[in-house]
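Participant: Sequence and predicted structure, then a few things I'm wondering about:
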Amino acid sequence: MKILAIEFSSEHRSVAVLDGERLLAEQTVTAGRHTAAVALIETALGQAGVDRSEIDGIAVGVGPGSYTGIRAAIALTQGWQIALGVKVQGVDSLESLAKGEQSAGRRGEITLAVDAQRREVYLAKFELNEEGIRNTEPTRLAKRAEYESMLAAGSSVIGPTAGNGFPAAEYVGRLAAGRSDFVEASTLEPVYLRQLDFVKAPLLREIPPI
C-alpha cells in the first residue's frame, strides 16, 4: 500500500511517501503557514517516483499543534479523498513524535510537549522500548508553570515547545501502515482539548415593517 503522509502540526512541516513502512521519499520545510503545501507534495512524489494515481491512502497528523497547519493538512486530505477515493487515517502527532524518538534509539519514559497558547501546554507521556512505544499518560492541557517546573527538575521533555523534537511525516506514515482504522476525511478534526467558549448567535428577530 502506497501512503502519502502529511504532518503540518509544527513549524517543521513535512510530507512523506511510503510503500508500507518503507520510506520512499520525505520533504521537510520550516516555512510555517507560508508552506507551499501542494508543491511540497509534488516534490515528494517526484522524488519517490510515484504518481498521484498510485497513492492508496493518506495519513495525516491531526495534532495537537498548529491549528492552522493541521486544518490545511486536513483540507488537502479531504480534497484528495473526494477526487481519488483514497483511504484516509488520522494519526496523533505526539504519537508520531514518540515513534520517531524510539526509532532514533531513545529509550525509557519521555514527556512530549507542544505549545497550546494562552500560557498552556499540551503534555503526553510515552514509554519507549525495543518493541515499540506505549502511551502512559494521554495528552492533556497543563499550565505553562507546570511545564517550566518539569524542565527545572531535569525531566526528559521533548517536542516543539522545547525546541528539541518535531513530529515527522515519515512516522505518521509508518504508524498508519500498521493500522486499518480508515475514516471518512470529512470527519477528521484537529486535536483540541479546550472547551469551546463561543456563544452561538441567536436567530435574527423578525422586525415588522413600519
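Facilitator: Everything's here; your move. Since the structure is predicted, the reported quantities are computational estimates derived from the model, not experimental observations.

Participant: Okay, and the beta partners of the residue positioned nearest the centre of the chain?
Facilitator: Centroid check for the chain by CA atoms, centre = their mean gives Gly61 as the closest residue, at 2.5 Å. Listed by DSSP bridges, the beta-bridge partners for Gly61 are Val91.

Participant: Check the gap between it and Ala113 for me.
Facilitator: Relative to Ala113, Gly61 is positioned 16 Å away (CB to CB, to the nearest Å). Just so you know, the C-beta spots here come from the backbone N, C-alpha and C atoms, and that holds for glycine as well.

Participant: Then Arg194?
Facilitator: Note on Arg194: its distance to Ala113, by CB to CB, is 17 Å.

Participant: Pull stretch 76-94 out as CSV, backbone CA atoms only.
Facilitator: This file holds the C-alpha atoms of stretch 76-94, laid out as CSV (Å, rounded to 0.1, in the frame of the first residue of the first chain):
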residue,chain,number,x,y,z
LEU,A,76,-5.8,18.7,1.4
THR,A,77,-6.7,15.2,2.6
GLN,A,78,-10.4,15.8,2.2
GLY,A,79,-10.0,17.1,-1.3
TRP,A,80,-7.8,14.1,-2.3
GLN,A,81,-10.3,11.6,-1.0
ILE,A,82,-13.1,13.3,-2.9
ALA,A,83,-11.1,13.4,-6.1
LEU,A,84,-9.5,9.9,-6.0
GLY,A,85,-11.3,7.9,-3.3
VAL,A,86,-8.2,7.1,-1.3
LYS,A,87,-8.3,5.6,2.2
VAL,A,88,-7.6,8.0,5.0
GLN,A,89,-6.3,7.8,8.5
GLY,A,90,-5.8,10.4,11.2
VAL,A,91,-2.6,10.0,13.3
ASP,A,92,-1.9,11.6,16.7
SER,A,93,1.1,13.9,16.1
LEU,A,94,2.6,13.3,19.5
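
Participant: Now the phi/psi pair for Pro138, please.
Facilitator: phi -60, psi 160 (degrees, to the nearest 10).

Participant: Ignoring the adjacent residues along the chain, who's closest to it?
Facilitator: On the basis of CB to CB, 6 or more residues apart in numbering, the spatially nearest residue to Pro138 that is not a chain neighbour turns out to be Ala124, at 6.5 Å.
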